[in-house]
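> need a 3D model of the following:
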Amino acid sequence: MESLSADCLLRGGAVEYGMAARVHRSDDDHLFLVGGSNEVLRLYDSDGFDASVDVPAWRRRLAARDAFFRRLGIPWCQLLAPEKLSVYGDAVLRRLLGPGAVAPGQRLLDRVAHPALVYPADYLRLQRDKGYVVYPRTDSHWTALGALCAFQWIAPALGLHLDYAPFLELQPRRLCYHGDLWGDGHDGVPEDMFDRRVVPDSVARIHANPIVMLKERLGLENEMGLHIGSHVVYRNSAAQRPERVVLFGSSFSEYRADCSLLTFLAALFFREVHFVWSSALDLGFIERLAPDLALIEMPERFITACPDDAFDVEAYGAQAAQAWMAAHPG
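The predicted model follows:
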């Protein structure tokens, strides 16, 4: 019997929510993010989605971004990184919500239908059905293969045809640990085997802003308050593509050179990649940079907060680092 770690009841076809636990553990020891600040499970119900997601605001935001990038002549796309629940959670959703659950990314795609909006859940599910592991049991983020699948879905949206052999040829290494969903109450859930790849010598980081430098100097790589505003630049002297790419994203992209992250994949294939950790764009920064391609990545659950695109990465980076140091003297 699955453990019901989300307090919800089916009553007359409608879902009533109480205080939802953050993580649900299934019979086969997969851990799923169902609660948290975005109330993830709620988004899979029609009423919950309508109450949480401002679809007209998303239409306006995507139209504004399209006009901005068209003016600059920059191909772009907006990737929704699927929740693990949308790819592996069929049985969990039936158990917790009953029939009729729909992934929030798919609902948004159906209602907005903007050509720049990319949602690779079906492709990831196809790989799952073929027996490939695209999300670990204990982590909310995709595996290296899952990241590659998402990247493969992005390329055609940007009008690109890539040879993915360089990724497959990277020297592999494996790590065993529990992912970000594991915690107290999940005793007995085994560690995951995470496939990693060695970063090639041709890929070099040539810039890191004050937030990243602070995190690395003090060992604060996983400090939640120091994620937004992280900015790094990678250059690849052996890239198969000559373009300069700007990538605004989240923990599915990240500032670290890890093969399960979109930033690393972009750096592997493109000459130069600028990553900024933010859902909102810094339009002035993009204009000054004048990239050849623009990629925006956002976790599916983040659609509850439509960004305003008024971000200032340089100012935010300096201020966030200074604020953290002031709050943690010594």
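
> low-scoring pLDDT stretches of the stretch 151-300 of the chain, where are they?
By pLDDT under 70, the stretch 151-300 of the chain has no low-scoring segment.

> can you give me the strands in it?
Remark: strands assigned in the stretch 151-300 of the chain by DSSP state E, counting those that start in this stretch are 172-177, 192-197, 203-208, 231-236, 241-249, 270-277, 293-299.

> neighbouring contacts of the fifth one?
In this case it means strand 241-249. Strand 241-249 has contacts (CB atoms under 8 Å, 6 or more residues apart in numbering) with 160, 162, 253, 262-263, 266, 269-282, 286, 289, 291-298. Where C-beta positions appear, they are placed from N, C-alpha and C, glycine not excepted.

> ok, T138 - contacts?
T138 neighbours (CB under 8 Å, 6+ apart): 31, 178-182, 186, 189, 191-192.

> apologies, that question was intended for V118.
Counting by CB under 8 Å, 6+ apart, V118 has contacts 77-80, 153-154, 157.

> now do F68
By CB under 8 Å, 6+ apart, the contact list for F68 reads 283, 286.

> and the longest helix along the chain, what's buried?
What stands out as the longest helix in the chain, according to DSSP state H, is helix 55-72. Judged by neighbour count using 16 or more other CB atoms under 10 Å, the buried positions of helix 55-72 are 55, 58-59, 61-62, 65, 68-69.

> for those residues, which one is nearest H114?
Proximity of these to H114 (CB to CB) peaks at L62, which lies at 4.4 Å.

> so which strand or helix has the spatially closest residue to that closest one that is not a sequence neighbour?
In this structure, L62 finds its nearest non-sequential neighbour in H114, 4.4 Å apart by CB to CB, 6 or more residues apart in numbering. Using DSSP states H and E, H114 maps to neither a helix nor a strand.

> so what's H114 up against?
By CB under 8 Å, 6+ apart, the contact set of H114 is 59, 62-63, 66, 78.

> redo that, cut-off 10 Å
H114 makes contact with 58-59, 61-63, 65-66, 77-78, 108, according to CB atoms under 10 Å, 6 or more residues apart in numbering.

> measure it to H161 for me?
For H114, the distance to H161 (CB to CB, to the nearest Å) stands at 23 Å.

> who's in contact with Q240?
Residues in contact with Q240 (CB under 10 Å, 6+ apart) are 162-166, 268-271.

> over to C306?
C306 makes contact with 53-62, 279-280 under the criterion CB under 10 Å, 6+ apart.

> the same query, at a cut-off of 6 Å, please.
Taking CB atoms under 6 Å, 6 or more residues apart in numbering, we find C306 in contact with 54, 57-58, 61.

> those strands in the stretch 1-150 of the chain, which residues are they?
So, for the stretch 1-150 of the chain - with DSSP E, counting those that start in this stretch - the strands run 8-11, 14-17, 23-25, 31-33, 76-81, 117-118.

> which of those strands has the lowest mean pLDDT?
Mean pLDDT is lowest for strand 8-11 out of the strands of the stretch 1-150 of the chain, coming in at a mean of 36.

> most neighbours among the contacts of T138, which one is it?
L31 (26 neighbours; other CB atoms under 10 Å).

> which residues touch the residue nearest to the spatial centre of the chain?
For the chain, F252 is the residue whose C-alpha lies nearest the centre (CA atoms, centre = their mean; 3.3 Å). Going by CB under 6 Å, 6+ apart, F252 touches 81, 141, 297.

> switch the cut-off to 8 Å
81, 141-142, 147, 150, 261-262, 297, 299.

> excluding covalently adjacent residues, which one is nearest to it?
The shortest distance from F252 to any non-neighbouring residue, by CB to CB, 6+ apart, is to A81 (4.2 Å).

> quick check: that neighbour touching I296?
No: counting by CB atoms under 8 Å, A81 does not reach I296; the two are 10.8 Å apart.
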